[in-house]
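**Student:** 3D, please:
(chains A and B)
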There are 2 protein chains.
Amino acid sequence: MVIIGSGFGGLFAAQALRKAPVDVTIIAKTGYHLFQPLLYQVATGILSEGEIAPATREILRKQANALVLLGEVTDIDLAGRTVTSSVLGRTTLHPYDELIVAAGAGQSYFGNDRFAEFAPGMKSIDDALELRGRIFGAFELAELAEDQAEIDRLLTFVVVGAGPTGVEMAGQIAELARRTLRRDFRRIDPTTARVVLLDAAPYVLPSFGEKLGGRARRQLNQTGVEVQLGAMVTDVDADGIEIKEADGQVRRINAATKIWAAGVQASPLARLLGEQSGAEVDRAGRVAVLPDLSLPGHPEVQVVGDMMSLDKLPGVAQVAIQGGRYAADQIKRRIAGKAPREPFKYSDKGSMATISRFHAVVDLGKLKFEGFIAWLMWLALHLFYIVGFKSRITTVLHWLVSFMGRGRSQRVATQQQVYGRLALEHLGPDFEASKTGGPKTSPVDEDITGRESA
Amino acid sequence: MVIIGSGFGGLFAAQALRKAPVDVTIIAKTGYHLFQPLLYQVATGILSEGEIAPATREILRKQANALVLLGEVTDIDLAGRTVTSSVLGRTTLHPYDELIVAAGAGQSYFGNDRFAEFAPGMKSIDDALELRGRIFGAFELAELAEDQAEIDRLLTFVVVGAGPTGVEMAGQIAELARRTLRRDFRRIDPTTARVVLLDAAPYVLPSFGEKLGGRARRQLNQTGVEVQLGAMVTDVDADGIEIKEADGQVRRINAATKIWAAGVQASPLARLLGEQSGAEVDRAGRVAVLPDLSLPGHPEVQVVGDMMSLDKLPGVAQVAIQGGRYAADQIKRRIAGKAPREPFKYSDKGSMATISRFHAVVDLGKLKFEGFIAWLMWLALHLFYIVGFKSRITTVLHWLVSFMGRGRSQRVATQQQVYGRLALEHLGPDFEASKTGGPKTSPVDEDITGRESA
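**Tutor:** From the prediction side, this is the model:
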């Protein structure tokens, strides 16, 4: 059988098939299992990418029936029961008896995809490292700037979307500016950086309820984040962001660094599956599955996680994990000739989001609380899930350093990131082509401006 | 005063001026101090880039007279006593009374710069991460391949240059293939990978002498590295490398991954300084300095480290460190009205290179030895120099994991690396432009092949 995706859904499905009498092929476009909840810590310099993205084949090393293949799935043929994957022009056909599709979701700009260039999202390692380069780079450029308006623009950070990701990012950037970088500069005062968190909703962390949302907002304010609610983004460009208030007023914030954490869009494979099976596809691109997570007319195909829609389940890790396990169980039963399971029933284990150092919110349905204890729970839970013993130790160390001390050990932005992406923003595609189009290792090729001739 | 460069020379010079009554401006094109000796561990997945590249301004945080600015130096005007730096089109002029130039060196291809695209060097973090993507990517592609010749090509790794860097890289790739990745694959046997170390010289580690060189070679063979000496590289392309033997015979090795560790070329600033001062510039682009490390006719300008030539001193860390400290001392004396120091005298503290797990060579001049004790010394010394307490702990942990256990926690290659650079090699510039020319975060932009429209 074939599993598409190596995130929460794909990996947990694969592991649940460990002892099943079936060959499991996992196809994913990256070689690693990404622990998305901690991407914001890679973006803000606390963790290295390796700590939240262990190699999938290393995790499944001891699982003899697991074959891990690198590739981006370009086609699924439901009638022919084949999956086509491709990497660097090499195409591979994978026939299947059973298929679990867990390709996840990416950022959504609600139709305004031109925003993406100026306000990157944070759904992948590439995104997080890109943002890391922009965030730390903004302070560097501010230190060099002469014009006060320019400095203010560089020291203004806007995060769009006040869900857990946006809240965590905004809180961390504020802590970066006010604690970590406090003494690192001589010409600017990084503690004066503005961090703005925007959302069209009336309160932060909308899914956590109004009370926790209010507390989170207060904590954010204390950390130095300006929260602007009822604010809808109407335009984003290289230098800032345009907002429309609830009363229709339009205003602008000048900001060099914008981060989009406001919406998700399912993998395009969801639409493909919808087209072939007749299943509906919702506005976020998610394909509607039957109560047993399968596609209409195709019991051998199950879709789990962020790319499927069922009962308005949210796109959170637990939905993917439980879906992956359920799908694996269905397959084991089918192979063993047992009756299929009852419909998928999601067991909501609650939600958490961290706001700032020592402060998180926990929503367990009836029980909601926040503060230091919630933060400890958040730490413990995430630590538990981080795959791999050695990653746990180094993660704890990095947390000790960042939360107890003031440091961040993972601030490196490659020249490809700093000069490549920022250059695109400031100087246009020509500059980027000249910078990234050729190898970086031959100084003889550099003319005196440092620009390499491709 | 101004210091150009944040490597060994620049950083140690800056720190030595800690208490001097002078403003110190450090200009560097990266925001970090790179510990080059461990780049090969970033390339082979043992360490994250953050562990060997702490932020310069964080190191110098408590040094009140140190101003750290990001920028690539594009001009030095000796007559006008100004340095011009540039980042993303912003240009800054820096007047100086005293100048220390410590801009280091990059890879040299001995005039064959077209090799660079196919055989990257390893002088920077970008290089190391690029190589990491290629090395781990080669195994991934081999697992997908059908054709045995293709698999062999993908599982052949060639390292050019048998100095410490080449020896360390070759040894680590062999250990990666034979230990770390042993059970990670199902279709290929990674232990069958060929690792070839080439050099035109008659023995490995030429600067360590024939005896240690012989022992190193034997140890390399035991680790699974084929050492080919008296072999000069005459051509490099996407699929392999062409070699001319001492007897004139030409042969070819088919290899997907080639690493260049064979020569260095000084920063182009050295040539600039030579042109303006009349100082000679050698074949490696290094500018010849006076015995007190200054430029002829310009006692206020000192050049240290890999970009200067004096008494045939090698381009090693200790030469840069001692040069930086000496240059700082000269400045302090000048300010205090004291007599200048006697000529720079390098104190050779010896050399070390690691061959493989538990095996290094140490050359202390009269005393040369190798083996496990040498390896412990190597570990201890490098650990001592790694700047930053927290980086020491995580580095020790990663070493424990890699050397005692079998794992490597830092295998993440970004899609930008895997698809961008490898694509250039396999499919040409058009593919790279379409992959890297636009943002990666909007799945709506992806057509069904996964290629983003820029």
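
**Student:** Would you point out which residue is most central in chain A?
**Tutor:** Nearest to the centroid of the C-alpha atoms of chain A, with distances taken as CA atoms, centre = their mean, sits A:Lys123, at 2.4 Å.

**Student:** Secondary structure element holding it?
**Tutor:** A:Lys123 is part of no helix or strand, with elements assigned from DSSP states H and E.

**Student:** you'd agree it is up against A:Tyr40?
**Tutor:** No: contact criterion CB atoms under 8 Å: A:Lys123 and A:Tyr40 do not qualify, at 11.3 Å. C-beta: built from backbone N, CA, C; applies to glycine.

**Student:** Okay, strands next: where are they in the stretch 301-450 of chain A?
**Tutor:** Under the criterion DSSP state E, counting those that start in this stretch, the stretch 301-450 of chain A contains strands at A:308-309, A:351-356, A:359-364, A:367-371.

**Student:** so which of those strands comes closest to A:Gly111?
**Tutor:** Nearest to A:Gly111 among the strands of the stretch 301-450 of chain A is strand A:308-309 (18.8 Å), distances taken as CB to CB.

**Student:** Can you list the strands that that closest one pairs with?
**Tutor:** Here strand A:308-309 has these sheet partners by DSSP bridges: strand A:287-288 (parallel).

**Student:** Go ahead and name everything in contact with the strand it pairs with.
**Tutor:** Strand A:287-288 has contacts (CB atoms under 8 Å, 6 or more residues apart in numbering or on different chains) with A:266, A:270-271, A:273-274, A:277, A:279-282, A:295, A:303, A:307-310.

**Student:** List just the nearest of these to A:Gly133.
**Tutor:** Looking across those and measuring by CB to CB, the closest to A:Gly133 is A:Ala266, at 27.6 Å.

**Student:** What degree of burial does the closest one show, as a neighbour count?
**Tutor:** For A:Ala266, the number of neighbouring residues by other CB atoms under 10 Å in any protein chain shown comes to 28.

**Student:** what do you get for the one 5 residues further on?
**Tutor:** A:Arg271 has 17 neighbouring residues, counting by other CB under 10 Å.

**Student:** Run through the strands of the stretch 51-200 of chain A in chain order.
**Tutor:** Counting by DSSP E, counting those that start in this stretch, the strands of the stretch 51-200 of chain A are A:66-70, A:72-77, A:82-87, A:90-95, A:99-101, A:105-107, A:156-160, A:194-199.

**Student:** which residues are contacting the last one?
**Tutor:** Under the contact criterion CB under 8 Å, 6+ apart, strand A:194-199 has outside partners A:152, A:155-162, A:166-167, A:170, A:173-174, A:177, A:204, A:206, A:220, A:224-229, A:231, A:233, A:241, A:243, A:253, A:255, A:262.

**Student:** Could you pull out the buried residues of that strand?
**Tutor:** A:194-199 (16 or more other CB atoms under 10 Å in any protein chain shown).

**Student:** and what of stretch A:225-237?
**Tutor:** A:225-229, A:231-233, A:236.

**Student:** thinking again about what came up before, just put the strands of the stretch 301-450 of chain A in a markdown table and tack on mean pLDDT and mean neighbour count.
**Tutor:** As requested, the strands of the stretch 301-450 of chain A are exported to a markdown table (pLDDT from 0 to 100; neighbours: other CB atoms under 10 Å in any protein chain shown):
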| stretch | mean pLDDT | mean neighbour count |
| --- | --- | --- |
| strand A:308-309 | 97 | 25 |
| strand A:351-356 | 88 | 24 |
| strand A:359-364 | 91 | 22 |
| strand A:367-371 | 88 | 15 |
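
**Student:** Please determine how far the closest residue to A:Asp329 other than its chain neighbours is located from A:Asp127.
**Tutor:** Leaving aside its chain neighbours, A:Asp329 sits nearest to A:Arg341 (6.0 Å; criterion: CB to CB, 6 or more residues apart in numbering or on different chains). Relative to A:Asp127, A:Arg341 is positioned 36 Å away (CB to CB, to the nearest Å).

**Student:** and if you look at A:Gly9?
**Tutor:** When A:Gly9 is compared with A:Asp127 (using CB to CB), they lie 19 Å apart.

**Student:** Ok, A:Val42 next?
**Tutor:** A:Val42 is 9 Å from A:Asp127, by CB to CB.

**Student:** Then A:Gly161?
**Tutor:** 14 Å.

**Student:** Between those two, tell me which one has more neighbours.
**Tutor:** Neighbours per residue (other CB under 10 Å) separate A:Gly161 from A:Asp127, with A:Gly161 holding more: 27 against 24.

**Student:** Is the more buried one in contact with A:Trp260, as I believe?
**Tutor:** Yes: between A:Gly161 and A:Trp260 there is a contact at 6.7 Å, judged by CB under 8 Å.

**Student:** wait, what's in contact with A:Thr84?
**Tutor:** Neighbours of A:Thr84 in contact, by CB under 8 Å, 6+ apart: A:73-77, A:91-94.
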